[in-house]
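# with the input below, show me the fold.
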Amino acid sequence: MPKFYFSPDGDDNGGTPTPNTPDVDKLIQEAVAKKEAEIEERLKARYNEQEKGIRERLQREADKAKMTAEEKAKVEWEERWKAIEEENKSLKAEKSLNVRKEALAGAKLPSYYINDKRVLDAADDDLKSVLSMITKEHNDYISSIGKQTQGTTPTTSTGVKFTNEELAKLAETSPEEYRKLRKQQLYGGK
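Take a look at the predicted model:
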């Protein structure tokens, strides 16, 4: 593929190649041909998938046409049964998810624990014991964070530290007074 260079002063006599129409046309044709091939491949795959589905449906219908009334009734009953089982499976999964969400809320745990493998894999009967274990771990973690930050001075988003007196003062101030104190602390002015 040719590389194109443009002269900064617009002079084509600088010895650097500039694009010419045949080269540009060739690059455009190659890009268009590549894109057309990709689109054609996707359309062929989609067509083959649809054709396969139609063939399977027609084959089932042809097989049904050859059956007796009892065989047809049996096949229809099996199809209905499969549909009911699929619906039942999805309803059970939804019910199980709702049970887990309610149990997390009852244990006062954050909702992100719904994706915890222990919660997902636990049987509905064992969920209470799993949640008590997770609650203990969660509370231990929260208390460890409290111990790590104990005795430190809170900072603002700009990194400015407040003294305990300033924090007590801020708790009792109005928004206007707070802005005034911030300006004093940040800029040293009034």
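# what's the weakest-modelled helix or strand in the protein?
Lowest on mean pLDDT, DSSP states H and E among the helices and strands of the chain sits helix 164-171, with a mean of 70.
# work out the gap between that one and the centre of the chain.
42 Å (CA atoms, centre = their mean, to the nearest Å).
# would you put the C-alpha positions of it in PDB?
The C-alpha trace of helix 164-171 is given here as PDB (Å, rounded to 0.1, in the frame of the first residue of the first chain):
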ATOM      1  CA  ASN A 164     -11.500  19.100  65.000                       C
ATOM      2  CA  GLU A 165     -12.500  22.600  65.900                       C
ATOM      3  CA  GLU A 166     -13.100  23.500  62.300                       C
ATOM      4  CA  LEU A 167     -15.200  20.400  61.900                       C
ATOM      5  CA  ALA A 168     -17.300  21.200  64.900                       C
ATOM      6  CA  LYS A 169     -17.700  24.700  63.600                       C
ATOM      7  CA  LEU A 170     -18.800  23.500  60.200                       C
ATOM      8  CA  ALA A 171     -21.400  21.200  61.700                       C
END
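# low-confidence ranges, the chain, go.
1-19, 149-162, 169-170, 188-190 (pLDDT under 70).
# can you confirm residue 140 is in a helix?
Yes. Counting by DSSP: H, G, I helix; E, B strand; the rest coil, residue 140 is found in a helix.
# give me the distance between the longest helix along the chain and the centre of its chain.
When the chain is parsed with DSSP state H, its longest helix is helix 21-65. With CA atoms, centre = their mean as the basis, helix 21-65 stands 30 Å off its chain's centre.
# after it, next one along is what?
Following helix 21-65 in sequence order, the next helix or strand is helix 69-106 (DSSP states H and E).
# so which bits of the helix or strand following that next one are buried?
Once helix 69-106 ends, the next helix or strand along the chain (criterion: DSSP H and E) is helix 117-121. For helix 117-121, burial by neighbour count (16 or more other CB atoms under 10 Å) applies to residue 119. Placement of C-beta: from N, CA and C, glycine included.
# just the CA coordinates for helix 117-121, please, in PDB.
C-alpha atoms of helix 117-121 as PDB (Å, rounded to 0.1, in the frame of the first residue of the first chain):
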ATOM      1  CA  LYS A 117     -21.100 -17.500  44.300                       C
ATOM      2  CA  ARG A 118     -22.000 -18.700  47.800                       C
ATOM      3  CA  VAL A 119     -25.400 -17.000  47.500                       C
ATOM      4  CA  LEU A 120     -26.000 -18.200  44.000                       C
ATOM      5  CA  ASP A 121     -25.000 -21.800  44.700                       C
END
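# done for today, thanks.
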